[in-house]
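Enquirer: Sharing a sequence plus its predicted fold:
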Amino acid sequence: MTYLLAIGTKKGLFLAVSADRRDWEVTGPVVLGRDESTVQSSVYAIGIDTRRERPRLLVGADSSHFGPSVWHSDDLGADWTEPSDAPPIAFPPDTGASFVRAWQFAFGPEPDVVWAGVEPHGLFRSDDGGVTYTLNRGLWDHPHRTEWFPGFGGPAIHTILPHPADPSRVTVAMSTGGVYQTTDGGETWHPANHGIGADFLAEPTPEFGQCVHKAVRDATDPARMFVQNHGGVYRSDDEAGRWTSIAEGLPADFGFAIVAHPSRGGTVLNFPVDSAGGRFPPGNRLQAQRSDDAGATWRSYSDGLPEEPYFGIVLRDAATTDGASDAGWYFGTRCGDVYAAVESEGGWRQVAAHLPDVLCVRAAEVG
Amino acid sequence: MSVTVYIPGVLRNECDGASSVVLAEIAPTSLAQILDQLAVRYPRLDRRIRDEHGGLRRYVNVFVDADECRTLSGLATEVADGAQVRILPSVAGG
């Protein structure tokens, strides 16, 4: 087997390849296409589309000088292509908005359909496998949009959860604004935050306005979702109709990343952060927390991680799985360290160290 | 009239490696129109310089002869025959 781990950092894309998920060959920063400035572009969004005969890699990168774009590769990162004639993602003139960066790529049940969540608060859809995209007007024109406001990371739709079987159902999450959902393919959207707190607002459980940091969907039950909120960890058993707290048993309810097991229902990893005012791992100890019962109980899943004080946290897209039957887990930190664990083996192994801040990781079995 | 546009090294791959591009036999025009003509030949290069609505990216400076365009009339700055337009990344980043 060949496994690919794509690592997006504050300065560039790094690629790690392994045959056994123990030893990794890491290369980078990668030049995307012909643009040499991309070696120090921020890479917030990576997608690995394994629905295709050959996996397609998608990368959203943005240069502080030269702006954002989206590149794709059909040869596992050897060559990268960016459309020439028109930008892959652009806001229509009447919006008055300009594309700042891609935050997320997501793949639903329809071949060649790729969703992109971007900053500012935009959702784009591609029907050509992620090469070019069109703004979803239903969400952009939502009357709530003018009341969404930027979290520290920026005003972005950072999470997209297409229903795995029903293309009319898509759930998104944003900071801030919270969870929104469509059941008609994106024509209309409604907020879906019932039960999620917002301790930074006067109304503690508003209809919308929550700072949801990340949402994931359960592997076996499409109606079950998990949220890591800006304070609070939640589960929904009715596809975001109502959320209930599952934070009890965690060392902290703050954090950014939460990841669902790719095939085992009710199993998630969480990467707690001490608090909004103390954005370090709890006890300054790098750790993952695991639940195998949909959040009813949690246990540390941290074997192999550093035992000395550690101060780098795991950002919202800096943790993932590779989807393999013997699942691999991966995460990176703001200290530039990247770790991998294989389900059947247990224990984290270091893939890379001393990279720039890790913003996102995506992995897949690619051969 | 003729105008020469100088390209920073980091972006030259987007214009076939050229360090400069000569726009010859053009009518008197503004800086925006100069960039529009450059965009026809090198659309990806243009996207590095301007956003999707034609706005100059914040950390890209464009000099018309000795003056950065923001100290003149921005992209509406008139460009004279023989002018040198220099695209330069500003001092930014860490």
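Expert: Nice, thanks for sending it over. Residues are numbered from 1 along each chain as shown, chains lettered A, B, ... in the order given.

Enquirer: List the strands paired with the helix or strand bottoming out on mean pLDDT in chain B, with their directions.
Expert: Within chain B, no helix or strand scores below strand B:29-30, which has a mean of 94 by mean pLDDT, DSSP states H and E. Strand B:29-30 pairs in its sheet with strand B:78-79 (antiparallel), by DSSP bridges.

Enquirer: Pull the number of nearby residues for residue 28.
Expert: As the question left the chain open, I've gone with chain A. Neighbour count for residue A:28, taken as other CB atoms under 10 Å in any protein chain shown: 20. In short, each C-beta sits where N, CA and C put it, glycine included.

Enquirer: could you do chain B instead?
Expert: 11.

Enquirer: And residue B:43, by the same measure?
Expert: 15.

Enquirer: My understanding was that it contacts residue A:84; is that so?
Expert: Yes - Residue B:43 is in contact with residue A:84 according to CB atoms under 8 Å; the separation is 5.8 Å.

Enquirer: buried residues in whatever helix or strand comes next after the least confident helix or strand of chain B?
Expert: Sequence-wise, the next helix or strand downstream of strand B:29-30 (DSSP states H and E) is helix B:31-41. For helix B:31-41, burial by neighbour count (16 or more other CB atoms under 10 Å in any protein chain shown) applies to B:31-35, B:37-39.

Enquirer: Could you do stretch A:207-222 as well?
Expert: A:208-219, A:222.

Enquirer: Give the rounded mean pLDDT of it.
Expert: The predicted model assigns stretch A:207-222 a mean pLDDT of 97.

Enquirer: Show the end-to-end separation of that stretch, please.
Expert: 23 Å (CA to CA, to the nearest Å).

Enquirer: what separates that stretch from the chain centre, distance-wise?
Expert: 11 Å (CA atoms, centre = their mean, to the nearest Å).

Enquirer: Do I have it right that residue A:285 meets residue A:311?
Expert: No - between residue A:285 and residue A:311 there is no contact under CB under 8 Å: 10.2 Å.

Enquirer: Tell me the spacing between the residue in the stretch 251-367 of chain A positioned nearest to chain B and residue A:336.
Expert: Residue nearest to chain B within the stretch 251-367 of chain A (CB to the nearest CB): residue A:356, separated by 10.9 Å. According to CB to CB, to the nearest Å, residue A:356 stands 6 Å off from residue A:336.

Enquirer: Touching both of these two, which residues are there?
Expert: Common contacts of residue A:356 and residue A:336, defined by CB atoms under 8 Å, 6 or more residues apart in numbering or on different chains, comprise residue A:9.

Enquirer: Ramachandran coordinates for the closest residue to residue A:124 other than its chain neighbours?
Expert: Nearest non-adjacent residue to residue A:124, counting by CB to CB, 6 or more residues apart in numbering or on different chains: residue A:133, 3.7 Å away. Torsion angles at residue A:133 (phi, psi; degrees, to the nearest 10) stand at phi -140, psi 150.

Enquirer: what ranges do the helices span in chain B?
Expert: B:31-41, B:43-49 (DSSP state H).

Enquirer: possible to save the ones you listed as CSV with distance to chain A?
Expert: Shown next, in CSV, are the helices of chain B (distance: least, CB to the nearest CB, whole Å):
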stretch, distance to chain A
helix B:31-41, 10
helix B:43-49, 4
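
Enquirer: Next, format those helices as a markdown table and append mean pLDDT.
Expert: Output for the helices of chain B, formatted as a markdown table (pLDDT from 0 to 100):
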| stretch | mean pLDDT |
| --- | --- |
| helix B:31-41 | 96 |
| helix B:43-49 | 96 |
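
Enquirer: Take the buried residues of stretch A:207-222 and keep only those in strands.
Expert: Among the buried residues of stretch A:207-222, DSSP state E puts A:212-217 in strands.

Enquirer: Pull the most distant pair out of the residues you listed.
Expert: The span of these, defined through CB to CB, is set by A:213 and A:217 at 15.6 Å.

Enquirer: shaky segments in chain B?
Expert: Chain B contains no residues with pLDDT under 70.

Enquirer: In it, mark out all the strands, start to finish.
Expert: Under DSSP E, chain B gives strands at B:3-6, B:20-23, B:29-30, B:60-64, B:67-68, B:78-79, B:84-89.

Enquirer: Quick check: which of those strands is buried the most?
Expert: Highest mean neighbour count among those (mean count of other CB atoms under 10 Å in any protein chain shown): strand B:60-64, with a mean of 20.

Enquirer: Just want the residue of the stretch 151-300 of chain A that's nearest chain B.
Expert: Closest point on the stretch 151-300 of chain A to chain B, by CB to the nearest CB, is residue A:154, at 14.5 Å.

Enquirer: which parts of chain B sit against chain A?
Expert: B:10-11, B:13-14, B:43-44, B:47-49, B:51-53, B:55, B:57, B:59-60, B:89-90, B:92-93 (CB under 8 Å from any CB of the partner chain).

Enquirer: who's in contact with the residue nearest to residue A:124?
Expert: A:70, A:88-89, A:114, A:116, A:124-126.
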